[in-house]
Structures are given as structure tokens and as C-alpha cells.
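1. generate coordinates for the sequence data below:
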Amino acid sequence: MYGHHIRLCDTMPTLRESPHFGQFYVAECENHGLVERKKQLMNGTASRFADHNCPKNVWTIFSSTTQPIVAKFPQKPLEEVVAAEFLTRFGFQKLIYHVHGAASEQAARIRSIIGFGVPRRATLIMPYIQGLSLAAYNHSGIIYEAEQLGALAICDCILNNCDRLSVLVDHAGNYLNIIGVGHKLVPIDNHLIIPAESAEPVFQRRLLSLVEDVLSDGGLTDASTSSRPLKPTELSPPNHPIGQLVASVSQFFAAPPNEIEAAIRRGARSALDTFRHMQVGDFKRLEMDVLRLVGHTSFAGEDLGSLLGQLRKAHGVVRAARDRVGGYDVREVDVLLEAAMAMA
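-> A predicted model of the protein is given here:
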């Protein structure tokens with residue numbers, strides 16, 4: 001999954017033997033890098049790689065007998081597992097195959113195989129994604145990928161994972177965490193972040209603003225009616241959430257900005273409708289899928305019930321906003337928030 005972000009300290013890794021992996025070597029993954037580094041590593045033409053950032057406790061194991069796998073030792077595994085499973089509901093690739101508790105034999109075996117003093121934490125086992133990060137796209141993206149980006153924007157805002165895309169928070173974006181495989185986008189390093197109690201109203205207001213923007217095409221249509229396609233010359237204002245995203249990602253796509261925006265809005269509206277129509281049974285199935293991976297409901301400092309409760313709060317906000325978006329104004333936001341909390 002993170003194999004395109006490889007960090008080796010000084011020399012090429014030494015091949016080792018394992019009954020589980022045959023001949024293998026291990027590379028530490030970073031949150032910065034280029035696909036070209038991986039290619040150089042695999043064909044033996046490079047001997048040193050720069051250390052661009054602090055270690056992420058993410059390691060890729062390249063084996064002679066199995067497909068490469070990624071082992072990650074996160075501080076908060078549940079927020080990653082819930083986010084990853086949530087994203088599969090919107091057509092994104094499943095990224096976590098197994099979760100091993102810190103004290104388990106499997107986790108101890110992985111730690112011993114890596115042998116670099118990794119922390120004694122729960123271990124997430126994930127696929128090694130070979131592709132090109134969106135950050136390396138040079139006006140090469142296609143409309144289908146822009147639609148997926150729109151869906152991801154909705155998902156990230158629901159998850160409060162706002163450091164990847166410039167939507168609700170104005171920043172440069174972290175496009176290294178979106179990998180293109182063929183024409184499918186694979187978001188990596190996913191998290192469900194529960195906002196602090198004092199920040200919850202801010203989160204909900206931002207989510208409301210995004211829902212209104214998506215359903216009204218940036219104010220270009222009446223949100224209470226069915227959407228119409230944007231005219232070729234129309235762009236929503238850059239201060240709108242989607243307009244802000246379009247301004248940030250246009251550099252990655254071959255199409256003109258208005259076509260990129262129309263595609264992003266299609267994907268965003270589809271994801272918003274999918275989330276809005278989730279029922280109690282859908283949240284229960286999400287919980288069961290997470291439990292099948294983790295085996296129990298809590299890790300130190302985390303609780304599955306709280307994480308799912310945060311998703312239900314977001315669901316309440318989206319449903320309340322969708323039901324009222326055609327007629328509410330800013331003065332009604334507090335009423336919507338109270339309704340959302342009641343529905344959660």
C-alpha cells in the first residue's frame with residue numbers, strides 16, 4: 001500500500017530467509033517519495049534514499065514467495081480500520097486484510113521479521129499498492145478520476161480526515177496519499193477523527209456548508225430541485241468548498257476546470273446520496289466488518305462505539321441538511337445541529 005514511499009537509511013537491504021516469506025527484505029515507508037524510487041530499488045540501480053520525514057512505523061515486506069505486504073503499527077488502529085472499511089462502501093479498494101493485537105503471536109512474528117525495533121503495537125496487514133500518487137500527475141488525470149476525487153472529498157469530510165484534500169480547510173493538500181492504479185484512485189493512510197467536544201459544532205457547520213454546496217452546484221442551482229449540468233462556462237466561486245478543491249487539483253487533470261468541477265460534483269453528489277441513504281442495518285454491518293478484523297471493540301484510548309457514534313452524528317447532519325437545504329439559511333444552522341444530534 002505504501003510501497004511507493006520507500007525510505008532506506010544508507011544501503012540496499014540484505015536478503016534474509018523466513019519460513020513464512022522465503023527470501024525477503026524489508027523497507028521502511030515514508031509519507032514522501034516518488035514511484036521512481038521504488039522502481040530503482042527493485043531493479044538495483046539505487047543504493048541510497050533520502051530520509052524525507054520522521055518514520056511512520058509502516059514497513060513493506062518484499063518476499064520471494066508471496067506478494068509484497070505492508071505492515072503498519074499505528075497509535076490508533078481502530079480509527080484507521082473504521083475509516084478503511086467505511087471507504088469500501090463508496091467503491092474504494094479494501095486496504096486492511098488483517099489486524100493482529102500487540103500481544104499476538106502474529107504481531108510478534110512480523111516485528112521479528114522487520115527487526116528494526118518497531119513499537120509493540122497492534123499490527124495492520126495491508127496490500128502493497130503499486131501506482132502513481134496523484135501528486136505526480138501532470139495534467140494526465142481523466143474525468144473518471146475526478147469523479148472519484150469528488151466522492152473521496154465527501155468521505156474525507158464525513159470522517160473529519162481534512163488534511164488530505166483542500167475542501168473544508170484551506171491548505172495545499174496531501175496528494176501523496178492518493179494513488180492511481182490504472183484509472184482507479186486508492187486513498188491511503190485513512191482516519192476517522194473524532195473532533196474535540198469544543199470543535200464538534202465547527203465540524204458540523206463545515207459539513208453543512210459542504211452539503212449545501214454540493215446540492216446547489218455551488219449556488220448555481222436551486223438545491224431543493226433536481227440538479228442540472230453546469231454550463232460549459234460556469235464555475236462556482238473559489239470560496240465554495242468544491243470550488244476550493246477544483247482550484248487545488250486542476251493541475252492534475254487534462255480537462256478544463258469547468259469539466260473537472262462538473263465531474264467532481266457528480267462524484268460528490270453520488271457519495272452524498274449513498275451516505276444519506278445508509279440505514280441502521282448498514283451501520284451495524286460496518287460494525288460487524290470492523291469486529292471481524294479487530295476481534296474486540298477497543299484499544300488503548302479508542303472505542304468502536306464512539307467512532308461509530310461520530311459517523312452517526314455526521315449522518316444526522318447530512319440527512320437534516322438534505323431535508324432542509326432548499327429552505328434554510330444561516331440562522332437555522334443551530335436548529336439543524338440540534339436535529340442532527342437527536343437523530344444520532
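
2. which residues touch the closest residue to Val318 other than its chain neighbours?
-> Closest residue to Val318 apart from its sequence neighbours, by CB to CB, 6 or more residues apart in numbering: Arg276 at 5.3 Å. (Each C-beta comes from the backbone N, C-alpha and C, glycine too.) By CB atoms under 8 Å, 6 or more residues apart in numbering, Arg276 lies in contact with 315, 318-319, 322.

3. so the spatially most central residue of the chain: helix, strand or coil?
-> Nearest to the mean C-alpha position of the chain, counting by CA atoms, centre = their mean, stands Asn190 at 3.9 Å. Under DSSP: H, G, I helix; E, B strand; the rest coil, the three-state class of Asn190 is coil.

4. residues in contact with the nearest residue to it once chain neighbours are set aside?
-> Take Asn190 and drop its neighbours on the chain: the residue closest to it by CB to CB, 6+ apart is Ala83, 3.9 Å away. Contacts of Ala83 were listed using CB under 8 Å, 6+ apart, and they are 159, 161, 190-192.

5. that older thread, how much space separates the residue nearest to Val318 from His315?
-> Look at Arg276 and His315: by CB to CB, to the nearest Å, they are 8 Å apart.

6. buried stuff in the strand or helix carrying Asp156?
-> Asp156 is located in helix 143-159, with elements delineated by DSSP states H and E. By neighbour count on 16 or more other CB atoms under 10 Å, the buried set for helix 143-159 is 143, 145-159.

7. equivalent analysis for stretch 60-68, please.
-> Within stretch 60-68, the residues that count as buried by 16+ other CB under 10 Å are 60-63, 68.

8. try stretch 241-257
-> 241-250, 252-253, 255.

9. these in helices, which ones?
-> Among the buried residues of stretch 241-257, the residues falling in helices (DSSP state H) are 241-249.

10. ok, Ser322 touching Val211?
-> Actually, residue 322 is Arg rather than Ser. Yes - counting by CB atoms under 8 Å, Arg322 touches Val211, with 6.5 Å between them.

11. more crowded one of these two?
-> More neighbours surround Val211 than the other of Arg322 and Val211, with 26 against 18 (other CB atoms under 10 Å).

12. pretty sure that one is touching Arg319, no?
-> No - using CB under 8 Å, Val211 makes no contact with Arg319, being 9.5 Å away.

13. which of the helices or strands spans the residue nearest to Asn190?
-> Per DSSP H and E: helix 77-88 holds Ala83.

14. tell me the angle that helix makes with helix 143-159.
-> Relative orientation of helix 77-88 and helix 143-159, computed by axes from the mean of the first three to the mean of the last three CA atoms, to 10 degrees: 140 degrees.

15. helix or strand right after helix 77-88?
-> Later in the chain than helix 77-88, the nearest helix or strand by DSSP H and E is strand 98-100.

16. what about that following strand, average pLDDT?
-> Averaged across strand 98-100, pLDDT comes to 93.

17. so which of the contacts of Arg276 is the most crowded?
-> For these, the largest neighbour count, defined by other CB under 10 Å, is 25 neighbours, found at Val318.

18. can you map out the strands along the stretch 151-300 of the chain?
-> 178-181, 184-187, 298-299 (DSSP state E, counting those that start in this stretch).

19. and the ones you listed as a markdown table, adding mean neighbour count?
-> Below are the strands of the stretch 151-300 of the chain laid out as a markdown table (neighbours: other CB atoms under 10 Å):
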| stretch | mean neighbour count |
| --- | --- |
| strand 178-181 | 22 |
| strand 184-187 | 21 |
| strand 298-299 | 17 |
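
20. Met126: which of those is closest?
-> Evaluated over the strands of the stretch 151-300 of the chain, closeness to Met126 peaks at strand 184-187, with 10.8 Å, by CB to CB.

21. and that closest one, what does it pack against?
-> helix 143-159, strand 178-181 (3 or more CB pairs under 8 Å, 6 or more residues apart in numbering; DSSP states H and E).
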